[in-house]
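Participant: Make a model of this:
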Amino acid sequence: MSEVFKGYERQYCELSANLSRKCASAGLLPVGEQKKQKVSEIKAGVDEADTLIRKMDLEARSLQPGVKAMLLAKLREYKSDLNKLKREVKRITSPNTDQAREELLEAGLADSHKASLDQRERLTFSTERLNQSSERIMESRRTMLETEELGVSIVQDLHQQRETLLHAHHKLHGVDEAIDKSKKILTAMTRRMSRNKWIIGSVIAALILAIILILYFKLFG
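Facilitator: Below is the predicted model:
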């Protein structure tokens, strides 16, 4: 999750809890300057909360689709919470404030605090769930990137092995050519030796025949 969004979210949760307490206390005040001042502070806080909501919305829409969807779902809860605060402000400043103040006095301040705490707990629980989902998505993205890097590494290794095999194939092809040349040379030498044998044999036969003729003429001539 974006650290910027987390910062806005933390500010909003603190401001929302503070505004809920101020609304509860302002509802118990009688009409007068003190109540006007308290309502003015609450309205300023609501405007600030509205600004934080818009900032969170802009930040969420600038993120990746998976994270963006979860953050926007979280924002809908915050917007609903802010709308409740705005309605509470309207109720406090309405003409029936005295009647509302009496109702709050009858209900008790403890109930108001309890409702506010329950709402904060629901928001905190929802925030934790969305944060967990965001972390799972980020973990899945990291796994996907690691898998992609592993795939690229394997492809590179296969490419290197292919280059090695091609180089070996070229070497073997050169060896085959050398062997063919050697065979041709040996064949030529064999033929030459065979031809030389016939020539030597013919010379020897001619010499033997000449010796025989010389001996014949000497003995019978």
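Participant: Can you check which helix is longest in this structure?
Facilitator: Of all segments of type helix in the chain, defined using DSSP state H, the longest is helix 109-220.
Participant: Can you give me the buried ones in stretch 145-156?
Facilitator: By neighbour count on 16 or more other Cβ atoms under 10 Å, the buried set for stretch 145-156 is empty. (Glycine included, C-beta is placed from N, CA and C.)
Participant: so how far is that stretch off the chain centroid?
Facilitator: Relative to the centre of its chain, stretch 145-156 is centred 13 Å away, using Cα atoms, centre = their mean, to the nearest Å.
Participant: number of nearby residues for Arg120?
Facilitator: 15 (other Cβ atoms under 10 Å).
Participant: Lys35 now?
Facilitator: 19.
Participant: now Lys84
Facilitator: Lys84, neighbours per other Cβ under 10 Å, totals 14.
Participant: out of everything not next to it in sequence, what's closest to it?
Facilitator: Gln119 (7.9 Å; Cβ to Cβ, 6 or more residues apart in numbering).
Participant: Tally up the residues packed near the one you found, please.
Facilitator: For Gln119, using other Cβ under 10 Å, the count is 16.
Participant: That one: what's it in contact with?
Facilitator: 20, 81, 84 (Cβ atoms under 8 Å, 6 or more residues apart in numbering).
Participant: Go through those and name the one nearest Glu14.
Facilitator: Ser20 (11.1 Å; Cβ to Cβ).
Participant: what pLDDT does that closest one get?
Facilitator: At Ser20, the pLDDT value in this model is 89.
Participant: tell me which element it falls in.
Facilitator: Taking DSSP states H and E as the criterion, Ser20 maps to helix 3-26.
Participant: What is that helix packed up against?
Facilitator: helix 33-61, helix 65-93, helix 109-220 (3 or more Cβ pairs under 8 Å, 6 or more residues apart in numbering; DSSP states H and E).
Participant: Just want the most central residue of this protein.
Facilitator: Arg141 (3.4 Å; Cα atoms, centre = their mean).
Participant: What separation do you get for that one and Ser134?
Facilitator: 10 Å (Cβ to Cβ, to the nearest Å).
Participant: And for Ile212?
Facilitator: The value you get for Ile212 to Ser134, if Cβ to Cβ is used, is 116 Å.
Participant: same check, this time on Asp47
Facilitator: Taken as Cβ to Cβ, the span from Asp47 to Ser134 is 29 Å.
Participant: Neighbour count for those two, which is higher?
Facilitator: Between Asp47 and Ser134, Ser134 has the larger neighbour count (other Cβ under 10 Å), namely 19 against 10.
Participant: That one against Val67, yeah?
Facilitator: Yes - counting by Cβ atoms under 8 Å, Ser134 touches Val67, with 5.7 Å between them.
Participant: Count residues in the vicinity of Arg192, would you?
Facilitator: 10.
Participant: Gln11: what's it in contact with?
Facilitator: By Cβ under 8 Å, 6+ apart, the neighbours of Gln11 are Leu52.
Participant: which regions of the protein sit below the pLDDT cut-off?
Facilitator: For the chain, the stretches with pLDDT under 70 are 1, 95-117, 133, 137, 140, 155, 175, 221.
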